[in-house]
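Asker: Got a predicted model here, sequence first, then my questions.
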Amino acid sequence: MNKTLTHKLIGLIITRNEEKNIPALVENLSFLDEIVIVDSCSTDNSKEIVQQYPQIRFYENQFENYSAQRNKALEYVEDNWILFLDADERISEALKEEIIDTVNNNDRTKAYYFKRRFYFNNKPVFFCGLQSDKNIRLFYKNDQVHYQGFVHEKIQFRGTFNVLQNHLTHYSYENYTSYKKKMYRYGTLKALEKIEKGEKPNLFLKYSHPVYTFLSKYLLRLGILDGYKGFILCYLMSYSVYVRYAEIEKQSKKRHDTISSRI
């Protein structure tokens, strides 16, 4: 017998150019009462596709950073149970039932981590440090809930945390080019976050930290056991770290040149 929700559950999604993912995502989340999408001014057909689904509320908001975008999405819903997913994440039948049981239990003092299973060209990744990956995806939203951090943002939630047992499927890697762009974007946003905290350029870390990241993910975290896809993922993770330090250096030089031009 299919389980049904006894308390309202709203899906929140932030998107940009996700026309390939939206139809499958909406079908996957058909058990929800409503879906709210906040889009970063997509240049593909995302908006036109979303308008075909009456259960979706669609908003556009210029992207600043991931926390700001998620916090904007939270503004569009009142206090309620929230399932906050990425457009490339999917819920299995077992996880759906676990979510329904959790919401029906209605313990509003807890937020729930989802363990994620990553897929590389539709093949699972078991290592590269991703074997311990988990993110909070289910929680009860009130006026104290918000996100912090420009990238790899963290939810601020007053209460306790539990971990759901079934894995969330994450189709994060479509192809090399798109994933490299994603890692570049993560690196630049992380740099801005570090600059805001006062971090200065560091030539030693610019080169040593990416090398350490690759070796740690590929050897210590067993990415080598994932074969070719493990090598590619570990390389791109280290590339993102390099971009971070290069961007800190670039922004520092730009600031220095601006000050010098005023003297």
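Answerer: Structure's in. What do you need? Numbers count the residues shown, from 1 in each chain.
Asker: For the rest of this, base every contact and every neighbour count on C-alpha atoms.
Answerer: Will do.
Asker: What segments of the stretch 1-150 of the chain are helices?
Answerer: Ranges of helices in the stretch 1-150 of the chain, per DSSP state H, counting those that start in this stretch, are 22-28, 46-50, 66-75, 93-105.
Asker: To residue 200, which of those lies closest?
Answerer: The closest approach between residue 200 and any of the helices of the stretch 1-150 of the chain, judged by C-alpha to C-alpha, belongs to helix 66-75 at 22.8 Å.
Asker: Against residue 143, how distant is the nearest residue to residue 144 once chain neighbours are set aside?
Answerer: Closest residue to residue 144 in three dimensions, ignoring its sequence neighbours and counting by C-alpha to C-alpha, 6 or more residues apart in numbering: residue 157, at 7.0 Å. Counting by C-alpha to C-alpha, to the nearest Å, the gap between residue 157 and residue 143 amounts to 10 Å.
Asker: And the two? Which one has more around it.
Answerer: Ranked by neighbour count (other C-alpha atoms under 10 Å), residue 157 and residue 143 place residue 157 first, with 18 against 9.
Asker: pretty sure the more buried one is touching residue 142, no?
Answerer: No. Here residue 157 does not reach residue 142: they are 9.1 Å apart, not a contact under C-alpha atoms under 8 Å.
Asker: Enumerate every residue touching the residue nearest to residue 144.
Answerer: With C-alpha atoms under 8 Å, 6 or more residues apart in numbering as the criterion, the residues that contact residue 157 are 111, 144, 145, 146.
Asker: Can you get me a residue count around the residue nearest to the first one when sequence neighbours are not counted?
Answerer: It refers to residue 111. Distance criterion C-alpha to C-alpha, 6+ apart; nearest residue to residue 111, sequence neighbours excluded, is residue 139 at 4.4 Å. For residue 139, the tally of surrounding residues (other C-alpha under 10 Å) stands at 25.
Asker: Report the beta-bridge partners for residue 9.
Answerer: Beta-bridge pairing for residue 9 (DSSP bridges): residue 81.
Asker: residue contacts, it?
Answerer: Contacts for residue 9 (C-alpha under 8 Å, 6+ apart) come out as 32, 33, 34, 80, 81, 82, 83, 103.
Asker: ok, it to residue 78 distance?
Answerer: To residue 78, residue 9 is 11 Å away according to C-alpha to C-alpha.
Asker: Run the chain-centre distance for stretch 51-59.
Answerer: Taking C-alpha atoms, centre = their mean, to the nearest Å, one finds stretch 51-59 lying 22 Å from the centre of the chain it belongs to.
Asker: What's the end-to-end length of it?
Answerer: Terminal-residue distance, stretch 51-59 (C-alpha to C-alpha): 11 Å.
Asker: rewinding a little: ok, of the contacts of residue 9, which one's closest to residue 249?
Answerer: Taking C-alpha to C-alpha as the measure, residue 249 sits nearest to residue 83 out of the contacts of residue 9, at 37.9 Å.
Asker: Would you confirm that that closest one contacts residue 141?
Answerer: No. Shown here, residue 83 and residue 141 do not form a contact pair, counting by C-alpha under 8 Å, at 9.8 Å.
Asker: one step back: top of the contacts of residue 157 by neighbour count?
Answerer: Neighbour counts for the contacts of residue 157 (other C-alpha under 10 Å) peak at residue 111, which has 22 neighbours.
Asker: just checking, it touches residue 155?
Answerer: No. In this structure, residue 111 is not within contact of residue 155 by C-alpha under 8 Å, at 9.6 Å.
Asker: what do the two both touch?
Answerer: Shared contacts of residue 111 and residue 155 (C-alpha under 8 Å, 6+ apart): residue 136.
Asker: show me where pLDDT drops low in the protein?
Answerer: Counting by pLDDT under 70, the chain shows low-confidence ranges at 1, 260-263.
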